[in-house]
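Chemist: Fold the following, please.
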Amino acid sequence: MSDMRTDAVERAWGGVVETARRTAADGLVVGTSGNVSARVGGTVLVTPSGVPYDRLGPGDAVGVDLEGRQVLGDLVPTSELPLHLAVYRDTDAAAVVHTHAVHATAVSTLVPEVPLVHYAAAMLGGPVRTAAYARYGTRELADNMLAALRDRTACLLRNHGTVAYGATLDEAYDRTAQLEWMCRLWLTASSVPGHRPSLLTPAQLREVQDALEGYGQPG
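Modeler: Numbers count the residues shown, from 1 in each chain. The predicted model follows:
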C-alpha cells in the first residue's frame with residue numbers, strides 16, 4: 001500500500017472512530033450498539049464488533065473489501081457489515097452511520113414512513129421510509145434497507161434504528177441527527193391530546209427541494 005493510500009486510510013479510520021464516539025456522546029447509541037464506516041477506494045473501514053468506542057485507537061483499524069473479505073486489522077468487523085456493504089455497492093456513498101437513536105427507533109415501530117411534519121425531510125431526499133423488519137446482520141435486512149433507501153439518503157429500520165449515508169462522515173452523521181430530530185418533533189407534536197400535527201403536502205416538499213438546490217455559500 002502506498003504512503004499516500006496509507007495516509008488516507010489512517011485519516012479515514014480516525015474519522016470513523018471520532019464519529020462513532022460522537023454517536024455515543026450524543027445519545028444516539030448505547031454501549032457498543034450502532035456502527036460507522038467509511039470507504040477509501042476499494043476498502044471499507046468499519047467499527048469492530050463489541051468493542052467500546054473509547055478503547056479504539058489508531059492501531060485498531062478494521063478494513064474489508066467490497067465483498068466483505070477482511071484486508072486490514074485483527075478485530076472482527078461489526079455484525080452489521082452486510083448493511084454497510086450493501087449501501088456502498090448500491091450508492092455513491094463514502095460514509096455510513098447506523099444508530100439506535102431512541103426517537104427514530106420509536107417512530108420505526110409506528111409508521112411505514114415518517115410523516116412530513118417538517119421540511120427537513122427534503123434534506124434526506126424526501127419522506128423517510130421504514131424498512132421492513134429482519135434480524136440484524138442478515139442479507140434480508142440489507143435488502144429491506146436498500147428498498148427503503150431508494151432515492152433517499154436515510155431510512156428507518158423497523159424495531160431497530162436508523163441508517164444514513166453521505167459523501168463524508170460529517171454528512172452521514174448530520175443526516176442521522178436530522179432524522180432523529182424530525183422523529184422527535186413528530187412524536188412531541190403527536191403527544192398533545194386533542195390535536196394532530198399539520199403536515200406538509202408533497203408539493204410543498206418539492207418546493208423546498210427546489211429551493212435547497214441553491215442553498216448555502218456560492219462556490
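Chemist: what's around the residue nearest to residue 157 when sequence neighbours are not counted, how many residues?
Modeler: Among residues not flanking residue 157 along the chain, residue 131 sits closest, at 5.0 Å (C-beta to C-beta, 6 or more residues apart in numbering). C-beta here means a position set from N, CA and C on the backbone, and glycine is covered the same way. Residues lying near residue 131 (other C-beta atoms under 10 Å) number 23.
Chemist: just residue 180 next, same as before
Modeler: Neighbours of residue 180 using other C-beta under 10 Å come to 24.
Chemist: do residue 41 as well
Modeler: 11.
Chemist: From residue 65, how far out is it?
Modeler: Going from residue 41 to residue 65 by C-beta to C-beta, to the nearest Å gives 10 Å.
Chemist: same deal with residue 35?
Modeler: For residue 35, the distance to residue 65 - C-beta to C-beta - is 17 Å.
Chemist: Please name the bridge partners of the residue nearest to residue 28 when sequence neighbours are not counted.
Modeler: In space, and not counting its chain neighbours, residue 28 is closest to residue 99: 4.1 Å by C-beta to C-beta, 6+ apart. Note on residue 99: beta-bridge partners by DSSP bridges are residue 162.
Chemist: Would you check that residue 99 makes contact with residue 29?
Modeler: Yes. Assessed by C-beta atoms under 8 Å, residue 99 is found in contact with residue 29 at 5.2 Å.
Chemist: I'd like the next helix or strand past the helix or strand hosting residue 11.
Modeler: Secondary structure from DSSP states H and E places residue 11 in helix 3-25. Next helix or strand after helix 3-25 toward the C-terminus (DSSP H and E): strand 35-40.
Chemist: If anything else comes up later, I'll come back, but that's it for now.
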